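A.B. asks: quick one, structure for this:
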Amino acid sequence: MEQIQKAAFYIRDYYFERVTLDINNKPNGDELSVSFQTSGEFNKQNNSFNLRFRVDIGENFVSIICVGQFIFENANDITEIPDFFYVNSVALLFPYVRAYISLITT
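C.D. replies: Residues are numbered from 1 along each chain as shown. The predicted structure is shown next:
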């Protein structure tokens with residue numbers, strides 16, 4: 001029986017593609033709306049996946065798009081990427097996004 005090898009990955013780099021802050025739209029009260037959107041693209045040339053992670057807070061208060069480049073050691077096609085990658089990749093980028101939001105709103 002052939003053993004299936006899981007794809008190993010790591011984050012090579014990340015950057016903030018767009019950051020907007022409108023202090024005039026600072027939310028009032030105890031309620032705060034937060035939304036997340038993700039999209040990505042696999043690059044076969046270097047076995048990388050670029051994840052675009054967008055976070056919007058309040059109505060036009062903060063909007064950030066962070067792009068992380070993940071490298072796969074043994075996945076040559078998007079079909080070889082395990083499902084757990086998608087959840088974990090967002091979890092790996094989120095601390096950077098959260099820290100940046102904290103920095104710009106302090």
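A.B. asks: neighbouring contacts of the longest strand along the chain?
C.D. replies: Secondary structure assigned by DSSP state E gives strand 9-21 as the longest strand of the chain. Residues from elsewhere that reach strand 9-21 (CB atoms under 8 Å, 6 or more residues apart in numbering): 48-49, 52, 60-73, 75, 81, 85, 89, 92-93, 96, 100, 104-105. C-betas here are computed from N, CA, C, even on glycine.
A.B. asks: which of these fall within helices?
C.D. replies: When the contacts of strand 9-21 are checked against helices (DSSP state H), the matches are 85, 89, 92, 93, 96, 100, 104, 105.
A.B. asks: residues in a beta bridge with the spatially most central residue of the chain, which ones?
C.D. replies: In the chain, the centroid-proximal residue (CA atoms, centre = their mean) is residue 53; its distance is 3.6 Å. Beta bridges link residue 53 to residue 38, residue 66, judged by DSSP bridges.
A.B. asks: and the helix or strand of the chain with the lowest mean pLDDT, what's buried?
C.D. replies: When each helix and strand of the chain is scored by mean pLDDT, DSSP states H and E, helix 84-105 comes last, with a mean of 93. Within helix 84-105, the residues that qualify as buried are 85, 89, 92, 93, 96, 97, 100, 101, counting by 16 or more other CB atoms under 10 Å.
A.B. asks: now residue 46, what's its secondary structure?
C.D. replies: coil (DSSP: H, G, I helix; E, B strand; the rest coil).
A.B. asks: how many residues are close by the nearest residue to residue 96 once chain neighbours are set aside?
C.D. replies: Nearest residue to residue 96, sequence neighbours excluded (CB to CB, 6 or more residues apart in numbering): residue 14, at 5.9 Å. Residue 14 sits with 18 neighbouring residues when counted by other CB atoms under 10 Å.
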